[in-house]
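Enquirer: kindly return the folded structure for what I paste below:
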Amino acid sequence: QVQLVESGGGLVQAGGSLRLSCVASGSIFSVNAMGWYRQAPGKQRELVAAITSSGNINYADSVKGRFTISRDNDKNTVNLQMNSLNSEDTAVYYCNAKNIIAKKTNGIPYRYLEVWGQGTLVTVSS
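Expert: All right, here's what the predicted structure looks like:
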């Protein structure tokens, strides 16, 4: 069983910074892409940033130059440094991982196509 656990959300004033962290737990052999999505009230979930195991990065246009994604492949962690936050960044942020090879409880390797974290709330006050 693979789980993603997020931390680092909270309340911050406009112009401030927050750092989100996510760790993938389980008997993991490899994780292809890890990233962050967000969902604001009344809106669809959208990609914020993603990074592959080889280091290819993709950012949403709205966060380019303000957010930085990084990961540690050995620890199966992904972080999102968010600077210059504004009210439009208020949302629940979800950690996401794609194409995970991990060992199931029966010891047999299994490919998990996609796993989501439970979400962490980021609130930016103006």
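Enquirer: on the three-state scheme, the residue of the chain most remote from its centre is what?
Expert: Ranked by distance from the centre of the chain (Cα atoms, centre = their mean), the top residue is Asn106, with 28.2 Å. Reducing the assignment at Asn106 to three states with DSSP: H, G, I helix; E, B strand; the rest coil gives coil.
Enquirer: so how far is Ser27 from it?
Expert: Taking Cβ to Cβ, to the nearest Å as the measure, Asn106 and Ser27 are separated by 11 Å. C-betas here are computed from N, CA, C, even on glycine.
Enquirer: which residue ranges of the protein form strands?
Expert: According to DSSP state E, the chain carries its strands in the segments 3-7, 10-13, 18-25, 27-39, 46-52, 57-59, 67-72, 77-82, 91-103, 109-116, 120-125.
Enquirer: list the buried residues for the first one?
Expert: Taking 16 or more other Cβ atoms under 10 Å as the basis for neighbour counts, the residues of strand 3-7 that come out buried are Leu4, Glu6.
Enquirer: same deal with the last one?
Expert: By neighbour count, with 16+ other Cβ under 10 Å as the criterion, the buried positions of strand 120-125 are Thr120, Val122, Val124.
Enquirer: out of those residues, flag the one nearest to Asn58.
Expert: Distance ranking of these against Asn58, using Cβ to Cβ, places Val122 first at 19.8 Å.
Enquirer: count of neighbours near the residue nearest to that closest one when sequence neighbours are not counted?
Expert: Closest residue to Val122 in three dimensions, ignoring its sequence neighbours and counting by Cβ to Cβ, 6 or more residues apart in numbering: Gly9, at 4.9 Å. By other Cβ atoms under 10 Å, the residues close to Gly9 number 17.
Enquirer: residue contacts, the closest residue to Tyr112 other than its chain neighbours?
Expert: Excluding the flanking residues, the one nearest Tyr112 by Cβ to Cβ, 6+ apart is Ile100, at 4.2 Å. By Cβ atoms under 8 Å, 6 or more residues apart in numbering, the residues touching Ile100 are Val2, Ala24, Ile28, Ser30, Val31, Asn32, Arg111, Tyr112, Val115.
Enquirer: cool, thanks, talk later.
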